[in-house]
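Novice: Next come a sequence and a model predicted from it.
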Amino acid sequence: MASKEPLTNRSPLVIPCSYLTTEGNKTGSWRFLRPQYEEKTSPCSAACPSGEDIARIQMLTAQGSFKEAWETILVENPFPGVCGRVCYHPCELQCNRREFDEPVAIHTIERFLADTASRYELKFGLDKLAAKKQKIAVIGSGPSGLAAAYFLALLGYESDVFEALAEPGGVLRWGIPLYRLPPHILNEEVSRLQDFGVRIHCDKPVSQNFLKEAKKSYDAIFLGCGHSQSLPLSIPGEGLPGVEDGFHFLNKIRRGDIPTLEGTVAVIGGGNTAIDAARSAARLGAKVMVIYRRRQQDMRAFAEEVEMALEEGIEIRELETPVEIASQKGDLLVTLQKMRVAQEDLQGKARIKPLGRKREKIRVQHLFIAVGNTAAEDWYDLPSKTRGVTKLNNCVLEHRSREPVLVYGGDLAASIKSVVHAVASGKEAAMALDVLFKEGPKAMESRLKSCLVGEGPSLSMEIYLGGPRAKRNHSIVSYESLNTDYFRFAPAISRPRLLREERLQSFAEINLKIGGSLAIREAERCFNCGLCNQCDNCQLFCPEIAVIRDDNPQGRHINYDYCKGCGLCVVECPRNAMVLEEERL
Amino acid sequence: MKQVLEGSHAVAEAVRLARTQVISAYPITPQTHIVERLSEYCADSTLAAKFLRVESEHSALAALIGAASCGVRTFTATSSQGLALMHELLHWASGARLPIVMANVNRAMAPGWNIWADQTDSLAQRDTGWLQLYCEHSQEVFDTTIQAFRLAEWLNLPVMVILDAFFLSHTYEPVDVPRQNSVDRFLPSYQPRFKLDIEYPCAFNQLAPPNIYMEMRHNIQAAMDEALIFFDQVEDEFEDIIGRRYGPVEAVQCEDAEIILITSGTVTSTSRQVLTELRDKGEKAGLLKIKLFRPFPTKAIREHTASAKKIAVIDRNFSFGASGIFAQEIRAALCNHPGHPPVFGYVAGLGGRDVTTAVVEEIYWLTKGNDMPQPESIWVGLHEVDHAIGQS
Amino acid sequence: MVEIRFHGRGGQGTVVATILLAKAFFRDGYYVQSFPLFGVERRGAPVEAYLRLDSKEILIRSNVYTPDHVVVLDRTLLESIDVTLGLKTGGWILVNGPEPPAYLKSWSGYKVAIVDATHIALNNGLGTRTHPIVNTPMLGGLARVLGMPSMEAIAKAIQREVPSKPKANIKAAEMAYEEVRVLEAVKDSTSSSARA
């Protein structure tokens, strides 16, 4: 038994212990690979014809910075309210999230941001560049003309927009049905442009004489007159009463001249005008069929619109084309030739041939023709010469010394006829004119090339203006390059809409508003491909504590004294906003 | 005050009265009641400790290694597979000289899955540098847990308090729970000899090359040697304040015994009953309970068995390819001791099989009936198995 | 030493019954030891729990094989379990039920008592018709047939240990104490040999 004396001699304790700092060990000297922050291009932004910085817009939305997100749209597109409704959103097709679960509802977020700006009467804070001496005349106040005037104003140019009709907007006002775009949205966006300094002169139809006069007082003329002339079917009976042009039918409704339709209506065509006309007719009480010579999947109309048309009870008759229209007892007797798919082209669109002599006669009360539009005047046609002419993606410039520049834009020159392409056209024209005035025609191509989003053809005004986006790598972030371990499966929000029954009763807007929390939740689904959203993974994973937070816009920097180039930060970056490069010795 | 407590709750009460500061554990039967009760105490502020929930036993001990390095009193509890999962960090805790206290509820190792009493889990960790204390009843469990903090903090070594699955962990019996001020007197707040301190940044346990590693190991052994002395010191102080002591070993009627049963855990208690009956029959039997297994009380065992003719060790554990582990250790302790009695090794009660008074008695008579032990271990109570695989 | 075995089903409070009884006996000055059947617990499955009591320290730490008495909380268990297994001759079998069980004939050599603990439990708002809490009334019945522990000790144990409706539980135990019916010849429980 041990003594009762307390034990005082504790044996010594031997453990390795160091009070030296490890700061002396500059592990950065081991490095042969160098991680760096490098933002890249998101596939959605490259897919957007007007090159909107979508990944950043989602990031700002997710952070609740709705105004900043809205302004980020406005740098590239003056019409978030319009495009948030009528754009066919090719961005969502390229969304990397599609590979994971479902694409982000980018279109809905754009509409939400526009609605929010409208609700709170937000004023955008974009600054115009210093005033330039050149003046530009813009013919037509459709989306391309207004966009051109807007971007020119941003670049410091004065312009005058001449509109033939009593109100501005072109196709936005006269061609798109109310249920897709209520007029007050358009009015708001146009007045914002006017506040920004865009002058619009209505009831000013432009003749060739006017053009001659204009050439004296303007340094450039932008022709954005659109394709307002419908193409004919060129078949017997086209002029019979009851046969009408689909585009005019839509115009009439927008003007408030609303006809009543009874019985069966046939719409010939497969473009958006055909579907718009069909759905408008359905709202006026008719039983509607769309007759298209190819298949439904070959239609140029946006798939979503076609689907809604089907939901609304419209019948689509594929592979049929009218060959004759006759009048019989007040009805129209339409002879349809059956067609067949001869082959498919590279895009999978059908090439068709008549199916022998197989024909069918149908009886309808009205017939709308919507097989395409063209320019209303032949002097709108693109120049056939090549000298002094520069063809860009969405506009054509005719520039000769001592002559004002003539720019053909919008539908006259755009690769695809859509609102967002018209915006792209106006932007391209504004940028091209600025280069032309400042550096001459030779600089145009290379200067515009440097402003491509990714590999193009979309252009970015922010890049042109040298904003932060200009520093971004043009390579597009692929799904494989993301670290999806950091993302959770979450379905996209379902876009709230009027019920089918409600839709058919009026021309009320179909798509409904979403609230802020829903928008944030949806925007949070965005991978923010190629952008740093301050998730801090790099800092968390750095074994050398070499990622240092700071106040610069990146929010952090790498301390290369200690970064040993292990590359963990790059691997753990969920969104490919970093790059690992060989150290340059 | 005496109250009827479950063995697991006796541990929890001791940890509460020890004013433990950080607890981390992962649930495993039959240990769960210990940390369940402690988590309730942490939640309702009965105990001002931080309870760290973790995803595994490995993490639980890792968390405590971090906490103990910062100089706070720490506790965890586990069992069986959970203890095995801690294995790597058991070495770390002792090598880093951290006074972590753990309750291990002895449970058999799988497979087959078995949640019942068996000492192989803790004995398999005998070389990790932890003190090991095997308890006989809930009062001893309670007292030993309190003492464990004193031992650990003085020696800078981790201590494992070990209790049998169910026979202790799930059994209610009267336990005297002393008042807080008595416990405080016995166990003052922890004064670490070293700790991580942001005011004086330092690093512990970095590279220990060959020129220092051996000295570090020798230093741990020195602390183990010190533990054999300090254990008595601690019991003296405990007895002064609380009024109970157990000893590293306890010899019951060994002075004149011809056959001494050596036991640990709850088998000891049942054997006491058998001893009384044997003595009543005039048998010269004795009982030696081993409580302290690491450090191994070689000297005390030699002394208490010096006059016996035979020793019978009951092992509720087994080392495959060798023998029962207590028997091994006792043979090793005695082999260089001139004139030591032969050691009979018995394996009984594995995987929770009951060690009844009849089993203990059988072991006594087997020992008495043989002059010298034959095999390394005799397995008591094996029966025919009629569902073996691979037989035609 | 007296050993008592409780039969019940997981969720009926069988284990709690032995703990309460242990505490009541402890309060009355006995050494006690109580434990469940060691193993996995599942709601609805048959469970057993045990109690040892003695006037001196209990050293034995093995299972209970030859109980002095058994208590059956759920009479449906009689269909599948031989509750007399190992039961010492002359021991009590206390069964929860309104009337004598059909097995009575095969229980010769034992003393049998019944108490309608389910009815008492429900009358006191303990549990539901499908899951009555019968453990506390069974304790009252047992206290009566064994003549120990005291009802005061049982009431105190319930008061301290039962978190939900302690008053109703005490009332139920007291009612069972009054209502328990002895079926064998032995009537005067206080003179029973069940004393430790």
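Specialist: It's in.
Novice: And the average pLDDT for stretch B:199-217 is what?
Specialist: Average pLDDT, stretch B:199-217: 92.
Novice: sorry, that was for stretch C:62-78
Specialist: On average, stretch C:62-78 scores 95.
Novice: Can you give the distance of it from its chain's centre?
Specialist: The chain centre lies 9 Å from the centre of stretch C:62-78; the measure is Cα atoms, centre = their mean, to the nearest Å.
Novice: quick one: B:Glu362 from chain A, how far?
Specialist: 35 Å (Cβ to the nearest Cβ, to the nearest Å). Using the backbone N, CA and C atoms, a C-beta is placed for each residue, glycine as well.
Novice: quick check, the helix or strand that residue falls within touching chain C?
Specialist: Element membership of B:Glu362 [criterion: DSSP states H and E] is helix B:357-369. Yes - in terms of Cβ under 8 Å from any Cβ of the partner chain, part of helix B:357-369 sits within range of chain C, namely B:Thr357.
Novice: In which helix or strand does B:Gly339 reside?
Specialist: With DSSP H and E as criterion, B:Gly339 is part of no helix or strand.
Novice: since we're on it, how many residues are nearby?
Specialist: 7 (other Cβ atoms under 10 Å in any protein chain shown).
Novice: and the closest residue to it other than its chain neighbours, what pLDDT?
Specialist: Leaving aside its chain neighbours, B:Gly339 sits nearest to B:Ala306 (7.9 Å; criterion: Cβ to Cβ, 6 or more residues apart in numbering or on different chains). At B:Ala306, the predicted lDDT confidence score is 94.
Novice: Pass me the low-pLDDT residue ranges in chain C, would you?
Specialist: C:184-196 (pLDDT under 70).
Novice: Find the residue at the geometric middle of it.
Specialist: With distances taken as Cα atoms, centre = their mean, the residue of chain C nearest its centroid is C:Val71 (4.2 Å).
Novice: Assumed that residue was part of a strand.
Specialist: Yes - assignment of C:Val71 by DSSP: H, G, I helix; E, B strand; the rest coil places it within a strand.
Novice: Can you report how many residues lie near the residue of chain C at minimum distance from chain A?
Specialist: For chain C and chain A, the shortest gap (Cβ to the nearest Cβ) falls at C:Glu57, measuring 25.0 Å. Per other Cβ under 10 Å, the neighbour tally for C:Glu57 reads 12.
Novice: How about the backbone phi and psi for it?
Specialist: Main-chain dihedrals, C:Glu57, degrees, to the nearest 10: phi -60, psi 140.
Novice: Distance-wise, check the nearest residue to it once chain neighbours are set aside relative to B:Val252.
Specialist: Leaving aside its sequence neighbours, C:Glu57 sits nearest to C:Tyr31 (Cβ to Cβ, 6+ apart; 5.5 Å). For C:Tyr31, the distance to B:Val252 (Cβ to Cβ, to the nearest Å) stands at 19 Å.
Novice: Isn't the residue nearest to the centre of chain C up against C:Gly140?
Specialist: No - at 11.5 Å, C:Val71 does not count as touching C:Gly140 under the criterion of Cβ atoms under 8 Å.
Novice: rewinding a little: and the residue nearest to the centre of chain C, what is it in contact with?
Specialist: C:Val71 is in contact with C:4-7, C:17, C:94, C:138, C:142, counting by Cβ atoms under 8 Å, 6 or more residues apart in numbering or on different chains.
Novice: Mark which of those residues are part of strands, please.
Specialist: The members of those that map onto strands under DSSP state E are C:4-7, C:94.
Novice: ok, of the residues you listed, which come out buried?
Specialist: Among the ones in strands among the contacts of C:Val71, the ones that count as buried by 16 or more other Cβ atoms under 10 Å in any protein chain shown are C:4-7, C:94.
Novice: Same list, those, but only the ones touching chain A.
Specialist: Within these, nothing lies near chain A by Cβ under 8 Å from any Cβ.
Novice: Can you list the residue ranges for helices in chain C?
Specialist: C:14-27, C:117-123, C:135-146, C:151-161, C:166-179 (DSSP state H).
Novice: Provide the contact partners of the fourth one at residue level.
Specialist: In this case it means helix C:151-161. With Cβ under 8 Å, 6+ apart, helix C:151-161 has contacts from C:16, C:19-21, C:23-25, C:27-28, C:136, C:139-140, C:143, C:166, C:169-170, C:173-174, C:177.
Novice: same check, this time on the last one
Specialist: Outside helix C:166-179, the residues that touch it by Cβ under 8 Å, 6+ apart are C:115-117, C:120-121, C:123-126, C:133, C:136-141, C:143-144, C:151, C:154-155, C:158-159, C:162.
Novice: Any quick ChimeraX command for the buried ones out of the residues you listed?
Specialist: Buried subset of the contacts of helix C:166-179, written as a ChimeraX selection, criterion 16+ other Cβ under 10 Å:
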select /C:115,116,117,120,121,124,126,133,136,137,138,139,140,141,143,144,151,154,155,158,162
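Novice: can you tell me the residue of the stretch 51-200 of chain A closest to chain C?
Specialist: For the stretch 51-200 of chain A, Cβ to the nearest Cβ, closest residue to chain C: A:Asp101, 38.9 Å.
Novice: interface residues of the stretch 201-350 of chain B facing chain A?
Specialist: Near chain A, when you scan the stretch 201-350 of chain B using Cβ under 8 Å from any Cβ, you find B:201-208, B:212, B:215-216, B:219, B:222-223, B:226, B:229-230, B:232-233, B:236.
Novice: try 10 Å this time
Specialist: B:201-209, B:212-213, B:215-220, B:222-223, B:225-226, B:228-237, B:240, B:247 (Cβ under 10 Å from any Cβ of the partner chain).
Novice: Restricted to buried residues, select those in PyMOL.
Specialist: This is how PyMOL selects the buried members of those, with burial counted by 16+ other Cβ under 10 Å:
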select buried, chain B and resi 205+208+216+219+220+223+226+228+230+231+232+233+234+235+236+237
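Novice: tally of neighbours for the residue lying closest to B:Cys254 once chain neighbours are set aside?
Specialist: Once flanking residues are discounted, B:Cys254 sits nearest to B:Gly286: 3.8 Å by Cβ to Cβ, 6+ apart. Using other Cβ under 10 Å, the number of residues around B:Gly286 comes to 25.
Novice: The helix or strand where B:Gly286 lies pairs with which strands, and in what direction?
Specialist: Using DSSP H and E, B:Gly286 sits within strand B:285-290. Here strand B:285-290 is paired, per DSSP bridges, with strand B:249-252 (antiparallel), strand B:259-263 (parallel).
Novice: Number of residues surrounding B:Ala84?
Specialist: 18.
Novice: would you say it is within a strand?
Specialist: No - looking at B:Ala84 with three-state DSSP, it is helix, so not inside a strand.
Novice: wait, doesn't it sit right on B:Leu123?
Specialist: No - B:Ala84 is not in contact with B:Leu123 according to Cβ atoms under 10 Å; the separation is 11.9 Å.
Novice: In terms of secondary structure, what does the strand or helix carrying A:Ser446 contact?
Specialist: Using DSSP H and E, A:Ser446 sits in helix A:441-449. Counting contacts by 3 or more Cβ pairs under 10 Å, 6 or more residues apart in numbering or on different chains; DSSP states H and E, helix A:441-449 is packed against strand A:389-391, helix A:419-439.
Novice: Tell me the residues of the stretch 251-392 of chain B that contact chain C?
Specialist: Close to chain C, as judged by Cβ under 10 Å from any Cβ, the stretch 251-392 of chain B has residues B:265-276, B:349, B:352-360.
Novice: Perfect, that will be all.
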